[in-house]
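# Have a look at this prediction, sequence included:
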Amino acid sequence: MDVVKGWVNELCFVPDTMEEGVIETLDHLKSEGKSLAVLTNWFAKTQLSRLKRAGLLEYFDQVYTGDYFLKPQKVSYLAARGPYASDQCIFIGDSVNRDYICPRAC
């Protein structure tokens, strides 16, 4: 059990600093009326807490989590795009396969 708790604590870590330009980019996108969503394989409890502690949660209209949505399932990408056409959406992530190739294929 201690191993699992340590693993979760490590994954819930929020750095003290944000990459340069993140907040400015999110502010700009929201000021332009863009709808922003998160699609993550992690569970809601973990991800919502991380986003809130980082001061980022307020920027996102929806957060789709591994509780119900998993990448690379097509239904997850379709849910995350919301009411928008696929050519109106951009996925940004840390996995070429899950965050670029798979959404494009959908």
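Yep, that arrived.
# right, and D99 touches A80 too?
No - contact criterion CB atoms under 8 Å: D99 and A80 do not qualify, at 10.8 Å. Backbone N, C-alpha and C define where each C-beta goes, glycine included.
# Between those two, which has more neighbouring residues?
A80 (20 against 17; other CB atoms under 10 Å).
# quick revisit: tell me the residues that contact both of D99 and A80, please.
Common neighbours of D99 and A80, using CB atoms under 8 Å, 6 or more residues apart in numbering, are F91.
# just the strands in this protein please.
Assigned by DSSP state E, the chain shows strands spanning 37-39, 62-64.
# partners of the last one, with directions?
Which is strand 62-64. strand 37-39 (parallel) (DSSP bridges).
# starting at the chain centroid, how far to the partner strand?
4 Å (CA atoms, centre = their mean, to the nearest Å).
# neighbours around G33, how many?
6.
# quick one: V75 and R81 touch, right?
No - using CB under 8 Å, V75 is not in contact with R81; the gap is 11.1 Å.
# And those two? Which one has more around it.
More crowded of V75 and R81, by other CB under 10 Å: R81, with 19 against 11.
# contacting residues for the residue most central in space within the chain?
Nearest to the geometric centre of the chain sits V38, at 2.8 Å (CA atoms, centre = their mean). By CB under 8 Å, 6+ apart, V38 lies in contact with 47, 51, 60, 62-65, 80.
# now these: which count as buried?
Neighbour-count burial (16 or more other CB atoms under 10 Å) applied to those gives 47, 51, 60, 63-65, 80.
# Relative to R104, which of the residues you listed is nearest.
When these are ranked by distance to R104 (CB to CB), A80 comes first, at 13.6 Å.
# Quick check: pLDDT value at that closest one.
pLDDT recorded at A80 is 94.
# now it, nearest residue through space, not along the chain?
Distance criterion CB to CB, 6 or more residues apart in numbering; nearest residue to A80, sequence neighbours excluded, is L39 at 4.0 Å.
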